[in-house]
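*Asks:* build me a model:
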Amino acid sequence: MCRFLLLSSDEPCDVQQVVEQFARMCEQSTCLDGDWQGDGWGVAWWREGEGWSLHRSLAPIWTETDYGRQLPATRRLVVHARAASFPEHKGDLAFAQPYVHGPYAFVFNGLIAGVRLPRGMKIPGAIGAEKIWYLVRQRLEEGLALREALAWVYAFLERRSRRIQACNMGLSDGRQEASHNGNPTGHPYYQIHQAQRRGVRLICSEPFGDWPWQA
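*Replies:* Prediction:
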């Protein structure tokens with residue numbers, strides 16, 4: 001399953017070490033079915049007064065740690081390492097996250113089966129993550145706060161799906177972050193973790209480094 005990271009900081013900070021630690025964690029982490037997080041990656045960083053800048057790649061994140069050294073100091077960072085659910089969805093840069101739209105940067109990991117939409121409802125997107133991002137955007141455009149939008153989408157999927165193995169979402173608008181840990185099985189692999197140190201706050205789908213992580 002994919003891995004993601006959200007960083008927020010009181011002041012612009014050097015993110016190189018955090019990105020490299022995240023990349024090493026992804027290299028060593030494997031899905032429960034033995035898959036890897038090597039089907040591409042992406043990073044979005046916030047530029048004050050300009051919004052999000054975005055870089056995405058089809059290479060495994062741990063093979064491109066040099067790119068992390070080029071990232072500028074920032075107060076907001078969103079990173080995603082992809083594990084494609086189906087072979088036919090590998091090798092397409094459009095599927096790499098984060099997804100950015102206006103002031104928002106979004107990441108998802110999870111596995112949802114048997115989604116049944118209400119009659120007449122159509123959701124654009126070629127893969128599940130794109131469809132979920134569309135639902136989140138709809139709620140944001142209606143005026144819901146970040147956390148409320150994520151909670152609404154999870155509740156909708158919970159009602160309309162045959163099974164949710166995991167449905168984790170992270171969202172930033174350049175000023176604040178929100179996450180939703182959808183882990184109905186309670187398995188530690190699907191847990192989201194958070195850490196804070198010296199004005200820097202992290203939300204990640206797997207602990208790394210020597211940060212004081214809490215589930």
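
*Asks:* show me the shaky parts of this structure.
*Replies:* 86-89 (pLDDT under 70).

*Asks:* in it, which spans are strands?
*Replies:* For the chain, the strands defined by DSSP state E cover 3-13, 41-47, 51-57, 74-81, 99-101, 104-113, 163-172, 177-182, 193-197, 200-204.

*Asks:* export the ones you listed to TSV and tack on mean neighbour count and distance to E148?
*Replies:* No exception for glycine: its C-beta is placed from N, CA and C like everyone else's. Shown next, in TSV, are these (neighbours: other Cβ atoms under 10 Å; distance: least, Cβ to Cβ, whole Å):
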stretch	mean neighbour count	distance to E148
strand 3-13	20	17
strand 41-47	24	22
strand 51-57	17	21
strand 74-81	26	19
strand 99-101	20	18
strand 104-113	23	14
strand 163-172	22	11
strand 177-182	20	9
strand 193-197	15	19
strand 200-204	21	17
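
*Asks:* tell me which residues touch the closest residue in space to A59 that isn't next to it in sequence, please.
*Replies:* Distances taken as Cβ to Cβ, 6 or more residues apart in numbering put G40 closest to A59, at 7.0 Å, once the chain neighbours are dropped. G40 is in contact with 56-60, 81-82, 93, 95-96, counting by Cβ atoms under 8 Å, 6 or more residues apart in numbering.

*Asks:* out of those residues, who's nearest R116?
*Replies:* Nearest to R116 among the contacts of G40 is F95, at 23.3 Å by Cβ to Cβ.

*Asks:* bridging residues for the residue most central in space within the chain?
*Replies:* Taking Cα atoms, centre = their mean, the centroid of the chain lies closest to V107, which sits 2.5 Å from it. Under the criterion DSSP bridges, V107 forms beta bridges with G170.

*Asks:* thanks a lot, catch you later.
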